[in-house]
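Chemist: Sharing a model that was predicted from the sequence below.
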Amino acid sequence: AQSVAQPEDQVNVAEGNPLTVKCTYSVSGNPYLFWYVQYPNRGLQFLLKYITGDNLVKGSYGFEAEFNKSQTSFHLKKPSALVSDSALYFCAVRDYNQGGKLIFGQGTELSVKP
Amino acid sequence: EAQVTQNPRYLITVTGKKLTVTCSQNMNHEYMSWYRQDPGLGLRQIYYSMNVEVTDKGDVPEGYKVSRKEKRNFPLILESPSPNQTSLYFCASSLVPPGGNYEQYFGPGTRLTVT
């Protein structure tokens, strides 16, 4: 079965420091991986995706993610966190078995303190 | 502006009282989907629709119904809500099934409380 896991419920970072939000996946075949962000009282917004190509993917708002096939990971990173980055982050993987739907991780709450 | 709208945004109801949450998109997307979000469980798909009159069950369809009579609308129906359906619900749409080159757009969410 295909799945994605976010091992940390919460990540706390000081403003200006680098941040990492972790994601590991389990799929049969080549993974299509995604990161979404959810700000308070808002729907999910697409950040970035990996389908093929470079292992380092750049996305919106200065975020990037590193695809690591040997470690089956797709960690979200940002060199310098902002207070406004505080939000709920979801990793997702494409489910090949059902109409191409996305399987979401449980979410990681990122808190950036000034 | 390209968007997915949901109504209502907040709803408190009682067990057994039928309700409908509407979802509409203005992007001419063929694929639409409903998710529920619960703490520690992420988003779980309830139902999805590949096109008009084509709907199918997701991972947690029990207690829900949907319809897709028009391309833009995809209402979620709870015939007899129960407290375990208290959750945050999201509608989403995309040009084609998500997971490829086309982004999935999400509505703002509907927070439902069933007492």
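Modeler: Arrived safely.
Chemist: Direction included, what does the worst-scoring helix or strand of chain A on mean pLDDT pair against?
Modeler: One helix or strand of chain A scores below all others by mean pLDDT, DSSP states H and E: strand A:102-104, with a mean of 89. Paired neighbours of strand A:102-104 in the sheet (DSSP bridges): strand A:87-94 (antiparallel).
Chemist: what about dumping the CA coordinates of the partner strand to CSV?
Modeler: The C-alpha coordinates for strand A:87-94 follow below in CSV (Å, rounded to 0.1, in the frame of the first residue of the first chain):
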residue,chain,number,x,y,z
ALA,A,87,1.3,27.1,9.3
LEU,A,88,0.3,23.4,8.9
TYR,A,89,2.3,21.6,6.2
PHE,A,90,1.2,18.5,4.4
CYS,A,91,3.3,16.1,2.4
ALA,A,92,1.4,14.0,-0.3
VAL,A,93,2.1,11.3,-2.7
ARG,A,94,0.2,10.2,-5.8
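Chemist: follow-up on the earlier one: any part of the helix or strand following the least confident helix or strand of chain A near chain B?
Modeler: Toward the C-terminus, strand A:102-104 is succeeded by strand A:108-113 as the next helix or strand (DSSP states H and E). No: using Cβ under 8 Å from any Cβ of the partner chain, we find that strand A:108-113 stays clear of chain B, coming within 10.0 Å at best. (Each C-beta comes from the backbone N, C-alpha and C, glycine too.)
Chemist: so which strand or helix has the residue positioned nearest the centre of chain B?
Modeler: The centre of chain B sits closest to residue B:34, judged by Cα atoms, centre = their mean, with a distance of 2.7 Å. Assigned by DSSP H and E, residue B:34 belongs to strand B:31-38.
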